[in-house]
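> okay, predicted coordinates and the sequence, questions at the end:
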Amino acid sequence: MMALAAVCLAAAAQKPGQPSWLSEAVFYQIYPSSYQDSDGNGIGDIPGIASRLDYIKSLGVTAIWLNPVYVSGWTDGGYDIIDYYQVDPRFGTNTDLVELVKQAHARGIKVVMDLVAGHSSDQSEWFKQSSQAPDLRYSDYYIWPSFIPESGPDPSLLRKFVKTDAPRGPYYIKNFFDTQPALNFGFANPDPSHPWEQPVDGPGPTAMRRELKNIMRFWMDKGIDGFRVDMAASLVKNDVDKAETIKLWKEDFTKWFDEEYPEGVLIAEWFNPSQSLEAGFDIDFFCHDGQYNYSTLFFYGRRGRDGQEPTVPYFDQSGRGGLQTWYDLYKFQYDAAQGKGYVCMPSGNHDFNRLCTEGRTDPAQLKVAMTFFLTMPGVPFIYYGDEIGLKQNPAAPPTEGSGGRAGCRIPMLWDGSANAGFSTAPIDKIYIPQDPDPNRMTVEKAEEDPNSLLHYVRSLVRLRTQVKALGTDASWRLVSPLDQPYPMVYERKQGDERCYVVLNPTGRTAQILLPPDPGTPTLIGGSYRSCTYRHIRRGDAIVISPESAAILKF
Ligand code: NOJ
């Protein structure tokens, strides 16, 4: 008999005291520059998003995550913030944001903002002042080393010393791009011969912590529902095992936030739930980055674990992918998350290629993948446009610091009017070029086709809400053997309710023999031409048509 995947823990997934709405939440991520332009300048904005709330509601989603909308230098898609207390004029005003939140709340939709905790823009007043002299109000918000040490506990930090001719120079420490100086949350084990290394409770980091809480309070008190925290693991420097960063979140920020805003959510961009949930976050991502990622499921080319050569992903028609690498990484995180929070696999985001990309553009394929995303445990995140199969644009020119990421940040395609209803601006003013294909999928076309991906995604969201065994807190267990990856079969279970999800992304009929189960399930959803479940002499046989997904309930 082939090796069977281990039985998962039966413990409840929920973190004690988590926001009451989180178990039922389905998130929709919006890149604000690319969703809907309301003033005809070619760039999306907040009133534009507000005008699409009925559509968003129609998807069945219950929360929106907005990428940064703060005043920005726009050298990294809004992740270089100049003013944390102000909406960038390109998106509207603070009042527009409050209005969006009100209108979203009226429809039962929460709104979560991005919080870039680890760095600001080099154009911010804080940085400008800090770069001048060591004894001003914001001087210690940043880190000003006087030389580059030959070695250090975290060698990658030494590559983040940026040369500057500012009076505080010759160096500052950056977090990501050179235009994103790191905010000063201190160092683990400060080296006394490095005067720029303050302890986590030093004067600079203490002031910085106060400021970050002010920012959170400012927006929470305006009615928002929480934050997705950018690079949450990056705060304390030279913190190789992340012990000090975890402590900082756990004993200060997340503790304070949970007490102050028990219904607010904190989502980490940490890419290691075993650490971030320990730090008190409610959710962390498992997607494109860090060691724990799903690259072997979705990525064509380039990325591979530990520098491996490109492989064909699991969700590919060729059927040459595998599950083992992903399973090992995911299972570790899934087990570590029990009782602490959620591991979430988003359908995409603004940092990596879209689900609908070369090699996987067929709606049948996309339906199989969306079935996966919407029937796994943890809170689902749908990246805007993935519900209609918005296609990666590999030719998109780098835009505002996107580098190769512009192709997944393309403007939404709404209808058959100019610029697909995204904007009334001339085509050469559109934020990032849209798919020029006259047959491109739009929301309007998808609405008219009963077999569209859009209608399918809605049906999945509905099913997930109706059937608790498919929900966020239900347990998960891979029941198909890892050495026969197609079809993938997993069990979801909550109380007495139990489902099997069967996924066959390949272009061929797939079959699997499973250990005998006393129950006989019935098909309750999916996208299949046929799927049979039979008790035979040697066990239970499932046969499923090509490019198909099936949801069976016992
Ligand atoms: C992660 C964000 O998702 C990405 O878009 C950004 O460039 C980096 N963090 C730096 O803030």
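Sure thing, it's come through.

> which residue does this structure bring closest to the ligand?
Ranked by Cβ to the nearest ligand atom, the top residue of the chain for proximity to the ligand is residue 79, at 3.4 Å. C-beta: built from backbone N, CA, C; applies to glycine.

> for the stretch 301-450 of the chain, which residues are neighbours of the ligand?
With the criterion set to Cβ under 6 Å from any ligand atom, the stretch 301-450 of the chain comes near the ligand through 350, 351.

> list the buried residues for stretch 316-334?
Residues 316-317, 319, 321-323, 325-327, 329-331, 333-334 are the ones in stretch 316-334 that count as buried (16 or more other Cβ atoms under 10 Å).

> that older thread, contact partners for the residue of the chain closest to the ligand?
68, 72, 114, 116, 119, 176, 180, 230, 401 (Cβ atoms under 8 Å, 6 or more residues apart in numbering).

> redo the residues you listed as JSON lines? Include secondary structure and neighbour count.
Conversion of the contacts of residue 79 to JSON lines gives the following (DSSP: H, G, I helix; E, B strand; the rest coil; neighbours: other Cβ atoms under 10 Å):
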{"residue": "68", "secondary structure": "coil", "neighbour count": "24"}
{"residue": "72", "secondary structure": "strand", "neighbour count": "25"}
{"residue": "114", "secondary structure": "strand", "neighbour count": "23"}
{"residue": "116", "secondary structure": "strand", "neighbour count": "27"}
{"residue": "119", "secondary structure": "strand", "neighbour count": "27"}
{"residue": "176", "secondary structure": "coil", "neighbour count": "20"}
{"residue": "180", "secondary structure": "coil", "neighbour count": "26"}
{"residue": "230", "secondary structure": "strand", "neighbour count": "20"}
{"residue": "401", "secondary structure": "coil", "neighbour count": "20"}
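
> of all pairs in those, which one spans the longest distance?
By the measure Cβ to Cβ, 114 and 401 form the most distant pair in these, at 14.8 Å.

> closest one of the buried residues of stretch 316-334 to residue 547?
residue 317 (6.8 Å).

> contact residues of the stretch 101-250 of the chain facing the ligand?
Contact residues (Cβ under 6 Å from any ligand atom) of the stretch 101-250 of the chain with the ligand: 116, 176, 230, 231.

> repeat that with 8 Å
By Cβ under 8 Å from any ligand atom, the part of the stretch 101-250 of the chain that sits against the ligand consists of 114, 116, 118, 119, 175, 176, 177, 180, 230, 231.

> now the fifth one, what are its backbone angles?
Just to be clear, that refers to residue 175. Dihedral pair for residue 175: phi -110, psi -40, per degrees, to the nearest 10.

> hang on, residue 72 packs against residue 121?
Yes. Taking Cβ atoms under 8 Å as the definition, residue 72 is a contact partner of residue 121 at 6.4 Å.

> list the residues that contact both of these two?
Counting by Cβ under 8 Å, 6+ apart, the residues touching both residue 72 and residue 121 are 80, 81, 82.

> in space, what's closest to the first one - neighbours in sequence excluded?
Read that as residue 80. Across the structure, with Cβ to Cβ, 6 or more residues apart in numbering as the measure, the residue nearest residue 80 apart from its sequence neighbours is residue 121 (3.9 Å).

> right, and residue 90 touches residue 45 too?
Yes. Because the distance of 6.6 Å satisfies Cβ under 8 Å, residue 90 is recorded as touching residue 45.

> neighbour count: these two, which is higher?
When residue 90 and residue 45 are compared on other Cβ atoms under 10 Å, the one with more neighbours turns out to be residue 45, at 25 against 20.

> count of residues packed around the residue nearest to the more buried one when sequence neighbours are not counted?
With Cβ to Cβ, 6+ apart as the measure, residue 91 is the residue that lies nearest to residue 45, at 4.8 Å, once sequence neighbours are left out. Other residues within reach of residue 91 by the criterion other Cβ under 10 Å amount to 26.

> after the strand or helix carrying residue 227, which helix or strand is next?
With secondary structure defined by DSSP states H and E, residue 227 is part of strand 226-230. Tracing the chain C-terminally past strand 226-230 and defining elements by DSSP H and E, one meets helix 243-248 next.

> which of the residues in that following helix are buried?
Buried-residue list, helix 243-248, by 16+ other Cβ under 10 Å: 244, 245, 246, 247, 248.

> can you tell me what sits against it?
With contacts defined as Cβ under 8 Å, 6+ apart, helix 243-248 is touched by 185-186, 188, 200, 209, 232-236, 239, 275, 278-279.

> now do stretch 438-457
55, 59, 363, 366-367, 370, 374, 382, 386-391, 412-416, 420-421, 434, 527.

> among those residues, which ones are in helices?
Judged by DSSP state H, those include 55, 363, 366, 367, 370, 374 as members of helices.

> how deep is the first one tucked in, by neighbour count?
When counting by other Cβ under 10 Å, one arrives at 15 neighbours for residue 55.

> do the same with the fourth one
Using other Cβ under 10 Å as the criterion, residue 367 is surrounded by 24 other residues.

> can you give me every residue that contacts it?
453, 456, 527, 547, 549.

> and for residue 164, nearest residue in space, chain neighbours not counted?
residue 172 (5.8 Å).

> for the one you found, phi and psi?
phi -130, psi 160.

> what pairs with it across the strands?
When bridges are assigned using DSSP bridges, the partners listed for residue 172 are residue 162.

> hang on, the earlier thing: what about the residue of the chain closest to the ligand, which SS state?
Per DSSP: H, G, I helix; E, B strand; the rest coil, the local secondary structure of residue 79 is coil.

> beyond the lowest-mean-pLDDT helix or strand in the chain, next helix or strand please.
Least confident element among the helices and strands of the chain, by mean pLDDT, DSSP states H and E: helix 295-298 (a mean of 95). Following the chain from helix 295-298 toward its C-terminal end, the next helix or strand by DSSP H and E is helix 324-337.

> show me what that following helix is packed up against.
Using 3 or more Cβ pairs under 8 Å, 6 or more residues apart in numbering; DSSP states H and E, the elements in contact with helix 324-337 are helix 273-276, helix 295-298, strand 342-344, strand 475-478.

> which one of the ones you listed has the poorest average confidence?
Across these, the stretch with the lowest average pLDDT is helix 295-298; it has a mean of 95.

> okay, buried residues for stretch 459-470 please.
For stretch 459-470, using 16+ other Cβ under 10 Å, the buried residues are 460, 461, 463, 464, 467, 468, 469, 470.

> now it: how far from the chain's centre is it?
Mean-position distance between stretch 459-470 and its chain equals 21 Å (Cα atoms, centre = their mean, to the nearest Å).

> which one of the contacts of residue 367 is nearest residue 491?
When the contacts of residue 367 are compared for distance to residue 491 (Cβ to Cβ), residue 549 wins out at 15.1 Å.

> what number of residues lie near the closest one?
If you count neighbours by other Cβ under 10 Å, residue 549 ends up with 28.

> with residue 47 instead?
Going by other Cβ under 10 Å, the residues that sit close to residue 47 add up to 17.

> what sits against it?
Residues counted as contacts of residue 47 (Cβ under 8 Å, 6+ apart) are 38, 39, 92, 96, 100.

> for the residues you listed, could you give me TSV that also reports neighbour count and pLDDT?
Conversion of the contacts of residue 47 to TSV gives the following (neighbours: other Cβ atoms under 10 Å; pLDDT from 0 to 100):
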residue	neighbour count	pLDDT
38	19	98
39	14	98
92	22	98
96	19	98
100	27	99
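
> the residues you listed: which two are farthest apart?
39 and 100 (14.9 Å).
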